[in-house]
Structures are given as C-alpha cells and as structure tokens.
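> Show me the folded form of this:
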Amino acid sequence: MRGLSPSEVAERVARGETNATKQTTSRPLWHIIRDNVFTLFNAILTACFVVILLFGDLRDGFFYGIVIANSLIGIVQEVRAKLALDRLALLAAPLVAVRRDGETVVLHPSQVVLGDTVVLRAGDQIVADAVVLDAVDLTVNESLLTGESEPIMKREGDTVLSGALVSTGTGHALVTAVGPASYANRLTAEIRRHSLAHSELRAATNRILVYISWILGPIVLIVIGSQVLAGRFGLESLAAGEWRPALIGIVASVVGMIPEGLVLLISLAFGVAAIRLAQQRVLIQELAAVEILARVDVLCLDKTGTLTSGDVAFIRVEPFTHEPAMPAALSLFARGDEANATARSLADPFPDVGAVADARVPFSSSRAFSGLSCRHEGQNTVWLLGAPERLLAGHPDAAVRAADYAAVGHRTLALVRLNGALPEPGDVDVEHLELTPVAVLLFGETIRADAASTLTYFAEQGVRCVIISGDNPTTVAALATGLGVGTASVDARELEDDHAIRRALASNSIFGRVTPDQKRAMVRVLKEDGHTVAMTGDGVNDAMAIKDADLGIAMGAGTSATKAVARLVLLDDEFARLPGVLAYGRQVIANVERVANLFLAKTVYGILFAVVFAVLLWEFPFLPRQLTLVSTVTIGIPSFFLALAPNRRIYHPGILDRLLKYAISTGVIAAVATFAANAVLRAMVPHDDARSITTVTMWIVAFWILCVLARPLDRWRALLLSTMAALFVIVVSVPFGRDFFAMHLQLQPALIVGIAFGVVGAIGIELVYRVARRRGLIYDRE
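Residues are numbered from 1 along each chain as shown. Reported below is the predicted structural model:
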C-alpha cells in the first residue's frame with residue numbers, strides 16, 4: 001500500500017486534519033494555582049486577615065505571610081514537578097507506523113492525519129479511529145472502551161477505535177477520524193478515569209479536613225456568642241473601643257484551629273519525590289503512585305524484559321530430521337510483519353533466500369504457534385513454529401528432548417512441518433493435524449545483572465515477588481534459580497479457575513505458560529485476598545493486568561498499550577530503579593504521617609482553647625502573632641525539613657486511626673497544661689504578662705511534641721531542634737522581637753510558674769509518646 005503522498009499530507013495539515021491533542025500526564029497550571037490558593041482554610045484565614053487589617057494591629061496579621069508562602073511554595077513545587085513529568089512523558093509517548101509514499105514511517109500520534117494508512121501490529125495502541133483495509137488474524141482488545149474482555153476479530157471493512165489495543169495479527173487501516181473527532185484525545189484520561197490511584201495519605205487528610213470543617217463553624221459561633229455574653233460587644237464596650245481586643249481574640253482562636261500547611265506538605269512531599277525520580281528516568285504518571293509502591297506487598301513480575309534484558313539471542317538448531325526447506329522457512333518466519341523479538345533473532349543466521357510466504361498465521365498466546373506456507377525452488381511446504389509442549393504433544397521423544405533443553409534455561413521453540421493445508425487463524429486445535437517434528441530451536445536470554453539484588457531487597461522489605469511468564473515453566477524456573485523466589489514452577493495451563501489460581505499462589509511464586517487472562521486473574525485473586533499488588537511488564541499481553549493492579553509498572557521499551565495504562569514507566573528499562581521508588585514512597589508516607597501529627601495536635605489544642613475560654617467567658621489568652629510565632633518554630637519550619645528527610649520506615653496500614661488517636665491525646669495535654677498555666681497566671685500578674693508567659697508554656701509543650709516526633713534523633717535532627725529552640729529564645733529576648741510579638745517577659749515567679757506548667761505538659765507528652773509506641777500509634781524506627 002502506497003499511502004498518502006507528502007503533498008496530500010501537507011494539505012491535510014493545512015486544513016487542521018491532524019491527530020494533535022493536548023494531553024499531558026500532569027495537571028494544568030490553572031488547576032495547580034486553584035488548588036493551592038482557593039481553599040476553604042485560605043478563605044477563612046483571608047477573612048481573618050481582612051479583620052486584622054481593618055480593626056487591629058497589622059503585626060497580628062503575620063500569620064497571613066505564612067499563608068502566602070505556603071501557597072507560593074506549593075505552586076512552585078507542583079509546577080516544577082509538572083514540567084519534569086511533561087518532559088518525560090514525551091519520551092514515553094506511543095508511536096504509530098503509517099504508510100506514506102510507499103514506505104513505512106514511524107510517527108508520533110499527533111502527526112497522523114486524516115486518510116493515513118496505519119500499520120496495525122500486535123502490541124500497538126490504535127491512536128485514531130479507522131476502517132480496516134486488510135487483516136491477517138487481527139484481533140483487537142476494546143475493553144478499555146467497551147468493557148468487553150475478549151479480543152474481537154477484525155476483518156476488512158470493520159471499524160477500529162482509538163484507545164483499543166491490537167492483541168494479535170497484522171493489518172492496515174484507513175484513518176477516518178482524528179483529533180477531537182476521535183477517542184484519541186481522551187484515551188489517557190479515559191483509562192485513568194476508571195482506575196484512579198488511591199492515596200491513603202490524601203484520603204486520611206481529606207477526611208480529617210472534613211471533620212475540622214464540620215466543627216469549625218459551630219465553634220466560631222460559640223466563641224462570638226461568649227464574647228457577646230461577656231459584654232465585650234455592648235454599647236459601652238463599643239463606645240470605649242473594648243470590642244477591638246475581643247475581635248482580635250476571636251481571630252486568634254480561629255487561626256489556632258486551622259492546620260494551614262498540612263495539605264501543602266503532602267503536595268510538597270509528592271512533588272519532590274516525583275522530581276527526584278524523574279532525574280532517575282522514572283516517569284510518575286500519577287503522583288500518588290509514589291505512595292502506592294510503599295504499600296505494595298506483592299510484586300508480580302513478567303520475566304521477559306523485566307528480569308531479563310529482553311534481548312533474545314538465537315543459539316542453535318537441534319534437528320530431529322533433515323529438511324532442505326527448513327532454512328527458507330525460518331528466513332520467512334524472521335521477516336514477517338508480525339514477527340516478535342524471538343522470531344526476528346533468526347534473521348541473521350537465516351538470510352533471505354528468495355522464498356515466498358503464500359499465507360501466514362501470526363502468533364497468538366492462545367494458539368501458542370505461528371505458521372506459514374513456504375514456496376521455494378518449486379516446492380510448497382507448510383510450517384508451524386511455536387511452543388514445544390503444544391506442537392510436540394503427539395511426539396513424546398521429541399517433547400522430552402525439548403524439555404531437557406528448557407530445563408537448563410534455554411528458551412525453546414519447536415519447528416514442525418504440516419502435512420496438509422495451513423489452518424485458518426481462528427483454528428487452534430492441533431491435535432488432529434498431521435505434524436512432523438523437524439527441529440528444536442534454542443534461544444538464550446540474559447538475566448539482568450541487578451535482578452538478584454533487586455529481588456533480594458524486596459524480600460528483605462517484606463514484599464513477595466511472583467514471577468509470571470508465558471514461557472515454558474521449566475525454562476522460567478531455570479532462569480529464576482538463584483534469584484531467591486524459589487525453584488518449583490507451576491504450569492498455568494493446569495489452573496482452570498480462580499480457586500485453583502488462589503491455591504497455587506498460596507505456595508508457589510513461579511508460573512509459566514500464563515495467558516493474559518490468567519495474569520489478570522492472578523492480580524484479581526491477590527487483591528481479593530487483601531494484598532496491594534504491583535505488576536510489571538512490557539508486552540501487550542501484560543497491559544490489562546498492569547491496568548488492573550494497584551500499581552502498574554511498564555518498561556520504557558514496552559508497547560505503547562502497556563505504557564498507556566501504567567502508573568510508573570521505567571524509561572531506561574532499569575528494573576533496579578524500583579527499590580528507589582519504594583524508598584521514596586516510604587519516605588513520603590512516614591514523613592507526612594510524622595508532620596501531620598504536629599499540625600493536628602495544634603488543631604486539637606486550638607479547638608479546646610477556643611471552647612474552654614468561650615465557655616468560661618474569658619478573653620482569649622493569645623494574640624494571633626503569638627500563635628504564629630509558636631506554630632512557626634514548632635510546626636511550620638521543622639515540618640518542611642521533616643517532610644523531606646530520608647526515612648526508610650516500612651509502611652503500616654491504619655494512618656487515619658493513628659493520626660486521630662495520637663493527635664487528640666497530645667492536643668488535650670497541651671491544652672490542659674496551657675489552660676492551667678493561664679488560670680494561675682491571671683491571678684498573679686497583669687493580663688499582658690499572663691498572656692506572654694502562657695505563650696511560653698504553650699511553646700514548651702508544643703516543642704516537646706516536635707521533639708518526640710523527630711525521633712530517632714541523629715545529628716541533623718538534633719541541629720534542627722536546637723535551631724528552633726534558639727530561634728524562639730532569641731525572638732522573645734531581643735527588643736525588636738519582644739515588641740513585635742508583644743512578649744512582656746521578665747524574670748519573676750510567674751515566669752517560673754509558667755515554665756513549670758510547660759515542663760509538666762512536656763512530661764505528659766513524653767508519657768503519651770511511650771504508650772503510643774507500645775500500642776502501635778507511633779512508628780519511629782527507620
């Protein structure tokens with residue numbers, strides 16, 4: 001087929017009839033800005049700032065600088081991650097072969113134009129709607145579009161839709177719809193819309209934020225009502241200006257309840273991990289995928305291209321009988337459009353001798369062989385090439401020889417001559433065919449140098465590895481020897497249903513002759529049994545299992561279909577990158593849980609402050625700037641460093657439950673210590689002094705919450721804690737800091753009382769921490 005000429009292509013491009021789309025792997029810039037700026041808590045804090053601006057001291061609006069900084073940091077970090085991911089996405093984009101001016105050229109999907117003739121091959125992703133012009137055993141998997149799990153046979157005149165995956169066979173198709181008129185511009189979004197990555201961190205955080213938003217409104221009303229009942233908004237108070245301190249107190253109580261930097265820290269941790277992984281040539285197609293690998297406890301591995309390099313080398317032919325036409329037949333198998341990597345490796349040892357293939361049957365996993373009719377030097381012969389256990393089933397002696405070669409790690413293919421006509425592509429029954437064994441072809445695969453160490457690492461981290469392959473079980477087991485996943489293998493052809501698969505998975509980790517449907521079934525069974533499953537692969541037969549897994553991982557050299565459904569793409573095909581992804585995932589989960597405890601403890605004692613002082617009709621004991629000072633040196637600055645710190649702690653489920661229990665416990669202790677201190681100090685010193693000393697009490701307790709969550713201590717964490725303590729002492733000691741934050745401190749008995757209450761609160765925090773460790777609410781061992 002000749003295809004379009006250059007002038008015809010140019011005309012279509014000029015008319016805008018191209019397949020160009022605007023898909024990216026990351027969020028649009030506007031969404032990043034919206035999600036970092038227009039949030040509920042930012043709106044509340046903005047309203048508080050406006051109140052300060054109109055009626056208070058601008059220094060009490062210091063908290064709003066942190067709001068702006070949080071938003072800017074979040075935007076910058078997410079934009080950096082977006083740019084890095086978009087650059088890598090170009091490298092992982094699918095390619096398509098089309099016929100133009102009599103030649104086959106490989107293009108980016110956006111370069112396809114209306115009327116192009118697309119070459120369809122097994123493993124390709126269809127990038128534009130088209131009509132089939134010719135087909136040889138062409139089957140298409142449309143499950144991503146229609147939900148139909150079985151591949152559909154396509155013949156001349158049939159329609160193929162963008163988003164479908166070519167399962168078997170070859171063909172040509174005429175493009176009938178491109179760009180907005182086809183499914184191509186919605187493919188990636190359509191896939192992910194039905195399979196969004198679940199982030200336990202984000203789910204837990206969102207649930208907590210919902211709880212806070214529910215109680216925030218009623219508490220604010222209680223605080224305002226208490227001030228009205230206390231007479232601070234009466235006519236005399238309004239005339240005397242006494243309402244202003246009460247209004248500022250209300251603002252302070254609201255500021256104290258909001259965990260303003262929590263969402264930022266989660267986005268920051270995900271974004272930094274994505275950037276660092278991008279530098280290692282790992283494309284994160286969903287940011288939450290970083291977290292998922294940390295939760296994975298079963299890793300399913302396709303052998304070819306994952307544990308092995310994917311390069312297949314022809315070793316030799318072991319003949320059963322002499323057949324003069326054998327070299328010509330093998331030459332044709334090597335040069336067919338449908339030839340896979342194994343068949344193509346025959347091209348050099350068996351050069352083109354002018355033979356012609358009058359008919360072909362492409363390879364398919366269900367059939368387990370390919371076939372052709374060879375015409376050479378006046379002779380017509382019919383040949384089948386495929387799995388020995390399939391083609392040699394009726395010849396025990398030949399089958400035993402083939403099995404012996406497989407047992408020492410060779411990949412084997414049986415070459416048989418068919419005495420009769422080539423079967424139709426849909427006919428997979430070879431039992432009634434008259435076959436003559438001709439030879440066993442031996443191939444070799446190279447195990448990746450880092451495969452053993454990578455699998456050992458996962459085993460040490462509590463991740464079970466399961467090898468799933470379409471190859472001979474004996475061959476797979478021989479290659480897996482020394483990789484630490486066992487030596488016994490299971491022939492998946494003997495597994496008839498999910499019950500048999502579940503039973504086999506319970507005691508085996510090496511499976512051969514696994515069909516694509518069985519790969520999906522294995523993933524499904526493991527997920528039903530409560531496991532978090534990752535699946536790696538590079539071929540079209542892996543695509544649907546990769547999509548079904550909790551975390552799909554594709555190789556950069558894999559088929560476009562596989563990369564389209566994966567959440568992680570290893571662009572340089574380095575399997576050894578996965579331990580790094582696991583490390584970053586664990587770092588994100590462990591660190592975010594650590595800093596979330598800081599934010600939520602503050603929210604708990606902020607809520608209790610607001611409620612208790614409102615019920616007692618007392619004036620709120622802090623200025624907004626004083627709360628900002630304490631939260632900055634005990635939460636804001638240290639949480640930034642703790643969120644990005646190395647952390648190798650193994651994942652433990654139940655984040656939401658642990659966060660709520662620990663944060664409520666520590667928040668109550670901080671609130672009780674601070675309230676008790678203020679109650680005593682109100683009777684000892686003037687209001688301004690009591691407020692300043694109460695701030696010191698709260699800082700001591702909050703600082704100790706930070707100290708226990710920073711464990712285990714090392715040099716840099718000790719330096720961080722020392723710096724934060726020194727910063728607070730300096731701020732409240734130098735004249736400018738004391739004036740700015742209204743810290744009226746002087747050496748007096750009241751100060752000693754306030755410090756004593758803080759120490760008692762810190763002791764309470766230490767006791768809660770020790771109990772929480774024993775009960776599994778805190779995991780601080782890395």
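> Mind listing what's buried along the helix of greatest length in the chain?
Ordering each helix of the chain by length in residues (DSSP state H) puts helix 578-615 first. In terms of neighbour count (16 or more other C-beta atoms under 10 Å), helix 578-615 has its buried residues at 578-579, 581-614. The C-beta positions use only the backbone N, C-alpha and C, and glycine is treated the same way.
> just stretch 61-78 next, same as before
Neighbour-count burial for stretch 61-78, counted by 16+ other C-beta under 10 Å, picks out 61-64, 66-67, 70-71, 73-75, 77-78.
> what does stretch 409-419 give?
For stretch 409-419, the neighbour count (16+ other C-beta under 10 Å) marks Gly409, His410, Arg411, Thr412, Leu413, Ala414, Leu415, Val416, Arg417, Leu418 as buried.
> Quick one: mean pLDDT over that stretch.
Taken as a whole, stretch 409-419 has an average pLDDT of 89.
> residue contacts, Pro346?
You called it Pro, but residue 346 is Leu. Leu346 is in contact with Phe314, Leu330, Ser331, Phe333, Ala334, Leu441, counting by C-beta atoms under 8 Å, 6 or more residues apart in numbering.
> Narrow those to those in strands?
In this view, the contacts of Leu346 that belong to strands under DSSP state E are Phe314, Leu441.
> which one among the contacts of Leu346 gets closest to Ala478?
Of all the contacts of Leu346, Ala478 sits closest to Leu441, with 17.0 Å by C-beta to C-beta.
> can you count the residues close to the closest one?
28 (other C-beta atoms under 10 Å).
> and if you look at Thr176?
15.
> coming back round to it: among the buried residues of stretch 61-78, which are in helices?
Short answer: those in helices (DSSP H) are Phe62, Phe63, Tyr64, Ile66, Val67, Asn70, Ser71, Ile73, Gly74, Ile75, Gln77, Glu78.
> tell me, what residue is most central in the protein?
Nearest to the geometric centre of the chain sits Ala289, at 1.0 Å (C-alpha atoms, centre = their mean).
> residue contacts, the residue nearest to it when sequence neighbours are not counted?
Excluding the flanking residues, the one nearest Ala289 by C-beta to C-beta, 6 or more residues apart in numbering is Arg567, at 4.0 Å. Counting by C-beta under 8 Å, 6+ apart, Arg567 makes contact with Ala197, Ile284, Gln285, Glu286, Ala289, Ile292, Leu551, Gly552, Ile553.
> Which helix or which strand is home to the fourth one?
What it means is Glu286. Here Glu286 sits in a region with no helix or strand, counting by DSSP states H and E.
> If I look at it, what pLDDT would I see?
71.
> So what's the residue count around it?
For Glu286, using other C-beta under 10 Å, the count is 22.
> which stretches of the stretch 351-500 of the chain form strands?
Under the criterion DSSP state E, counting those that start in this stretch, the stretch 351-500 of the chain contains strands at 356-361, 369-376, 379-386, 411-418, 435-447, 464-468, 490-491.
> got those strands as TSV, with distance to Pro319 columns?
Converted to TSV, the strands of the stretch 351-500 of the chain look like this (distance: least, C-beta to C-beta, whole Å):
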stretch	distance to Pro319
strand 356-361	22
strand 369-376	17
strand 379-386	14
strand 411-418	9
strand 435-447	4
strand 464-468	31
strand 490-491	27
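> Any idea which of these gets closest to Val210?
Nearest of the strands of the stretch 351-500 of the chain to Val210, taken as C-beta to C-beta: strand 464-468 at 35.3 Å.
> List the contacts of that closest one.
By C-beta under 8 Å, 6+ apart, strand 464-468 touches 297-303, 307, 455, 458-459, 476, 480, 483-485, 505, 509-511, 514, 519, 522.
> Whichever of these end up buried, select them in PyMOL.
This is the PyMOL syntax for the buried subset of the contacts of strand 464-468, where burial follows 16+ other C-beta under 10 Å:
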select buried, resi 297+298+299+300+301+302+303+307+455+458+476+480+483+484+485+505+509+510+511+514+519+522
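> Just the contacts of strand 464-468: which are in helices?
Leu455, Phe458, Ala459, Val476, Ala480, Leu505, Lys519, Met522.
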